[in-house]
Structures are given as structure tokens and as C-alpha cells.
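Student: Test case, fold it:
(chains A and B)
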2 protein chains.
Amino acid sequence: MTGYALYYWPMVQGRGEFLRLALEDAGAAYRDVARGANGMARLERFMGRYARAPFAPPYLVHGKRVIGQTTNILLYLGPRLGLAPKNEADQLWIHQLNLTIADWLVEAHDVHHPIGSGLYYEEQKREAKRRAADFLAHRLPKFLGYFEDRLAKNPARSGWLSGRLASTADLSLFQMVAGLRYAFPRAMAKRERKAPRIVELQDRVAARRGVAAYLASPRRIPFNAYGIFRHYPELDR
Amino acid sequence: MTGYALYYWPMVQGRGEFLRLALEDAGAAYRDVARGANGMARLERFMGRYARAPFAPPYLVHGKRVIGQTTNILLYLGPRLGLAPKNEADQLWIHQLNLTIADWLVEAHDVHHPIGSGLYYEEQKREAKRRAADFLAHRLPKFLGYFEDRLAKNPARSGWLSGRLASTADLSLFQMVAGLRYAFPRAMAKRERKAPRIVELQDRVAARRGVAAYLASPRRIPFNAYGIFRHYPELDR
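Tutor: Model prediction:
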């Protein structure tokens, strides 16, 4: 089987970043197809007319496989990259954690786009302020508390979410928190005080050999005003 | 292994309905725990302090397994209930379809709760009208078109989404469309004209022995004003 081909928008971290982090952490051979020549056109390759076309990027091509949905791709990659054990029970638990992070991600996105992703932020700024207030007051503490609890209650006491070793869920939690720190620096500085295990996980993931090399490289696209995580100071109260 | 125990809110179809449909279609032995005596208290059993606690209901208990996230539970149940083949490629594809339906479901919910699920509809009615317009004009046709295409392009030409046999994804698409018909009867009557394969799938699922018996039974909670799908005529334009 040849290496992995990742198909995702070339100018943002977005959902593709959860896959880039897993591939980079594992030192896997992969191509980030749409960041090469003629990238946007190539992104269309398995969309639309292809029988098992994904609804949207990202998708992964591996041999004859074309796999869509970020969490589904992580489910596929986990045991292959050494980022999930081989047994079903642990894989389902790690997948469950990734799905919960994916729910959280939608909510973080919808803070700045509560009315529709086809509209500009400026067209829904008033609504975004209301949604941001609700997200920061209720949803952010709930999600942080949930993951802090899971780290605390992992019987392996490893500092990772599941068992003794790091998994795709730890990398995804890292990415989620990195994005929230970028988007909501004020709110996160305050909330993180109650989530010391998440803060520690952040540093441990960033220090992993593959991740550290990746974050320092030009392959890591900076956070920007087009991605899922956006910093609008008026929303960070 | 004893039967399945489903933990979910007792008064709505909600996300639990995707699981009830799979279990009922297969004629599986299961208990709908929170609909029994002292149900709401029992719903808490595996939340919070439990190490692998789900973030929210629904969750499924099967032997020693406690599995959260609707799509994750369907992934687990699929091959066990005869609603997914044994091979990984088809399971990933069916899971991908279920994940896409789950994304669609969030959008359908957020039409009436664009600002926050902790607020009443009346507190976000103005924003809901804007979001509904965007959802019905852009998102609904996009999702319907995507699934209509998948039905058309299934090489097995079976009328089901994957291969020759019905899967959890077909049952989930049925539930999604049933909910949309309840919430947006005007918009759906118009849009369905362009999705004849989805309309046909609707009738075929409803006629399946297990599903037909379930839909006619008191176990099927009617759609209501507390669920994910809600009928507010002012949003159905």
C-alpha cells in the first residue's frame, strides 16, 4: 500500500488539521494534495460523481480506499499509525472522544457563524455576539470539565485520555484547545485554571517529536480569519 | 451476552430514535431504560463519575460495554444486528453516511436554536427565522441532493445507500427525512420532488416488518415541541 493522500482546503487548518497532526505525529508518508500544483481542482476529484463521494473535504485516499468525515478517517488511521490500540473496546472509546471533540468544534465554529456558513461574519455579527456569550458561559466550561474529568479518571493515570499511550483523541484535544486559545485568549486564560490536566496535555503533545517538528515547519498553516477558529475580540468576553 | 440497554431521554425521539429504529428493525432484545420507573435518575448512572462516561445521552450498555455518541453506537450495532456487512470498507462507508446525517441533524436542530440550546426558542426566534431561511434555501437542497446522488450511484442499484441490503444508514436517512417532513412540511413537499429515490426509500423503510410494527406501537414517541425536529410554521417558508 502506498502512502496516504489527504484532500483538504489548502489555506486553513480547519478539519484537515486533526488528520495532519495524526499523520505528522506518526511520521507517516502522506501528501497534502490540494497544497500542490493545481490543488483546488484536484480537491474535486472524488467529489460529486464518484459513487462513494464524501459530502465535503477532508477525505483520505489510501490505496483503493476513499474515506470521508474527519472522525471516520481518524478511526481508520488510529491503529494503522500506532495512535489507537487494536482492540475494539478502546477504539470505540477513543472514537467516542473524537466525536465529542467534533461536536465541540461545530459549536466553536458556529460562534462566529450562527446563522449560516454561506454568509459573511459581518452579516451575522449581532447574532454571533449572543452566541459567543452563551458558548463561553455554558458550553466551553462544560466541554473543558468533561475532558478534564476523563483525564483525571483514566485508570492508567497516564495523563492521556485512554490507556497508557497517546491516541488520536489526545492529538485532537490538543488541536481543539490550541484553536480555542487562538480564538478566545481572554476566556481561555480564565477557564484553563480549572483544567490543569488539559493544560499539561497541551504541553506534552506539543513536545512530541513528530508534532514539535511539524508545528515548527511551514507545513503548519497559521491560524487565520478564514478557518474554524477565528479571533474576533468582540466575541471573547 | 444479555440484551441491549438504551439510555436516553424518555419524552422525545431525539438522537435516541436512530438507535431505537435499528434495534426495532432487527427485532433485538433491548430495554429503553429511562422510560421505565425512576427513569431520569437511572439515566445518570453512567454519567459524570464513571471513568468512560459519555458527554450526553444516548448511550448503550451491552454486557460490560458502555458506548456513547449515536453514530458510534450505530457503528457498534451495525454488524451485530445484521445492519452492516462484516468488512471494514463497507462499515466505514456506512459510518461515513451516518456521520453526514448527524451533521445534517445538528443543522436541523440549530434552525430553531441558533444562539444556544439552553435558551428558549422564543428567546431566539428572530435569529431562528434568519437561520431557517438559510437552511431551507441552501443546506436542505445540498444534503438531499447528496443522498439522492448516493442512492443513484450505488453500483448495486438496490435502492439502498450501500450494497444490496439495508443498513443503519438507510434507517437513519429515513428518520432524518421523517423529522424534516414534520418540521418543514411546506419546504419538504417542494424539495422532495427532486429526490424521488429518497421518497422511495422512505416508503421501503416504513414497510419493513420491524419498523412498521414499531411505528404503529406506543413505543414510537410522536414528534413534539421538545425534540430536535420542531414544527414552527413561521420557520417553514
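Student: Just checking, which helix or strand of chain A averages the lowest pLDDT?
Tutor: The weakest-scoring helix or strand in chain A, judged by mean pLDDT, DSSP states H and E, is helix A:39-43 (a mean of 90).
Student: Can you confirm whether the helix or strand just after it lies near chain B?
Tutor: Once helix A:39-43 ends, the next helix or strand along the chain (criterion: DSSP states H and E) is strand A:59-62. No: Strand A:59-62 is not in contact with chain B by Cβ under 8 Å from any Cβ of the partner chain; minimum separation 9.0 Å. Backbone N, C-alpha and C define where each C-beta goes, glycine included.
Student: what packs against strand A:59-62?
Tutor: Using 3 or more Cβ pairs under 8 Å, 6 or more residues apart in numbering or on different chains; DSSP states H and E as the contact criterion, the elements in contact with strand A:59-62 are strand A:4-7, strand A:65-68, helix A:70-80.
Student: again, only this time at 7 Å
Tutor: With contacts taken as 3 or more Cβ pairs under 7 Å, 6 or more residues apart in numbering or on different chains; DSSP states H and E, strand A:59-62 sits against strand A:4-7, strand A:65-68.
Student: which stretches of chain A aren't confidently modelled?
Tutor: Applying pLDDT under 70 to chain A picks out residues A:1-2.
Student: Not counting residues beside it along the chain, what's closest to the residue located most distally from the centre of it?
Tutor: Within chain A, the residue lying farthest from the chain centre (Cα atoms, centre = their mean) is A:Arg49, at 27.7 Å. Sequence neighbours aside, B:Lys153 is the residue nearest to A:Arg49 in space, at 7.5 Å (criterion: Cβ to Cβ, 6 or more residues apart in numbering or on different chains).
Student: about what we covered before: TSV for the helices and strands packed on strand A:59-62, including mean neighbour count and distance to B:Gly116?
Tutor: Output for the helices and strands packed on strand A:59-62, formatted as TSV (neighbours: other Cβ atoms under 10 Å in any protein chain shown; distance: least, Cβ to Cβ, whole Å):
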stretch	mean neighbour count	distance to B:Gly116
strand A:4-7	22	34
strand A:65-68	22	29
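Student: Would you reformat the ones you listed as a markdown table and include distance to chain B?
Tutor: Converted to a markdown table, those look like this (distance: least, Cβ to the nearest Cβ, whole Å):
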| stretch | distance to chain B |
| --- | --- |
| strand A:4-7 | 14 |
| strand A:65-68 | 5 |
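Student: I'd like those as JSON lines, with distance to A:Ala207 appended.
Tutor: Converted to JSON lines, these look like this (distance: least, Cβ to Cβ, whole Å):
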{"stretch": "strand A:4-7", "distance to A:Ala207": "24"}
{"stretch": "strand A:65-68", "distance to A:Ala207": "30"}
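Student: ok, back up a step: what's the least confident helix or strand of chain A in contact with?
Tutor: Here helix A:39-43 makes contact (Cβ atoms under 7 Å, 6 or more residues apart in numbering or on different chains) with A:7, A:10, A:33-34, A:57.
Student: Could you do stretch A:71-80 as well?
Tutor: Stretch A:71-80 is contacted by residues A:18-19, A:22, A:58, A:60, A:67, A:83-84, A:86, A:91, A:94-95, A:98-99, A:102, A:167-168, B:92, B:95-96, B:99 when judged by Cβ under 7 Å, 6+ apart.
Student: Only whichever of these are buried, select them in PyMOL.
Tutor: Typed into PyMOL, the line below selects the buried ones among the contacts of stretch A:71-80, using 16 or more other Cβ atoms under 10 Å in any protein chain shown:
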select buried, (chain A and resi 18+19+22+58+60+67+83+84+91+94+95+98+99+102+167+168) or (chain B and resi 92+95+96+99)
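Student: Get me the contact residues on chain A for chain B.
Tutor: Contacts of chain A with chain B, taken as Cβ under 7 Å from any Cβ of the partner chain, map to A:51-52, A:54-55, A:65, A:67-69, A:71-72, A:76, A:89, A:92-93, A:95-96, A:99-100, A:106, A:110, A:114-116, A:118-119, A:127, A:130-131, A:134, A:138, A:146, A:153-155.
Student: Between helix A:70-80 and the helix or strand containing A:Leu21, find me the angle.
Tutor: Secondary structure assignment for A:Leu21, by DSSP H and E: helix A:16-25. Using axes from the mean of the first three to the mean of the last three Cα atoms, to 10 degrees, the inter-axis angle of helix A:16-25 relative to helix A:70-80 is 10 degrees.
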